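Q: Return a 3D structure for these sequence lines:
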Amino acid sequence: MKKLGLFISMVFCFAMCSFGQTDNTVEQDAGIVFDTLVYDYGTITKGSDGKCAFKFKNTSDTPLILTNVQASCGCTVPSWPREAIKPGESSAIDVKYNTNNVGHFTKRISVFTNKQNTPIILMIKGSVVEATVVPSTEETK
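A: Numbers count the residues shown, from 1 in each chain. So this is what the prediction gives:
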């Protein structure tokens, strides 16, 4: 029984050390640096503009190609540069979130490049609320 408790404790500690890092900027071994990995919309109203951009820079010595960018669901639509990003140049991945559903959201965007096998994970999050209607002075009389 003691061995099981020790094993569970070790697994928990490993998980906390591995997944507990929340750095909002990242430089990948592939030579790409994002200004942020998480875009927080905060609280926005239903039907509002759900656009944001993830800016990045090619810090390698060779051209960077974004081979694919995938969102975790259809309510999030990314668009990205299809041409190669030259060394030292910057660009952005534009993301449009559909704000027609009320509630909290957290969505993932996976970025695949020509320089690494695993994707870079970007996140968007926020809360969509109903628009409040302020009655006009005519309605309150």
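
Q: The chain: strands as residue ranges?
A: For the chain, the strands defined by DSSP state E occupy 26-27, 32-34, 38-45, 51-58, 66-71, 76-79, 90-97, 103-113, 120-129.

Q: Just give the number of residues close to the residue nearest to residue 119 when sequence neighbours are not counted.
A: The shortest distance from residue 119 to any non-neighbouring residue, by CB to CB, 6 or more residues apart in numbering, is to residue 110 (3.9 Å). In this view, the C-beta of every residue, glycine as well, is placed from N, C-alpha and C. Using other CB atoms under 10 Å, residue 110 is surrounded by 15 other residues.

Q: Now do residue 110 against residue 66, distance only.
A: 11 Å (CB to CB, to the nearest Å).

Q: Distance of residue 103 relative to residue 43?
A: The value you get for residue 103 to residue 43, if CB to CB is used, is 11 Å.

Q: Name the residues contacting each of those two.
A: Common neighbours of residue 103 and residue 43 are listed as 127-128 (criterion: CB atoms under 8 Å, 6 or more residues apart in numbering).

Q: Okay, now the unreliable bits of this protein?
A: Residues of the chain meeting the criterion pLDDT under 70: 1-30, 133-141.

Q: centroid residue for it?
A: residue 123 (2.0 Å; CA atoms, centre = their mean).

Q: Report the separation between residue 58 and residue 84.
A: Counting by CB to CB, the gap from residue 58 to residue 84 is 9 Å.

Q: Among those two, which residue is more densely surrounded?
A: residue 58 (23 against 14).

Q: so what's that one up against?
A: 31-32, 64, 85-90.

Q: thinking again about what came up before, was I right to think the residue nearest to the centre of the chain contacts residue 38?
A: Yes: counting by CB atoms under 8 Å, residue 123 touches residue 38, with 4.6 Å between them.
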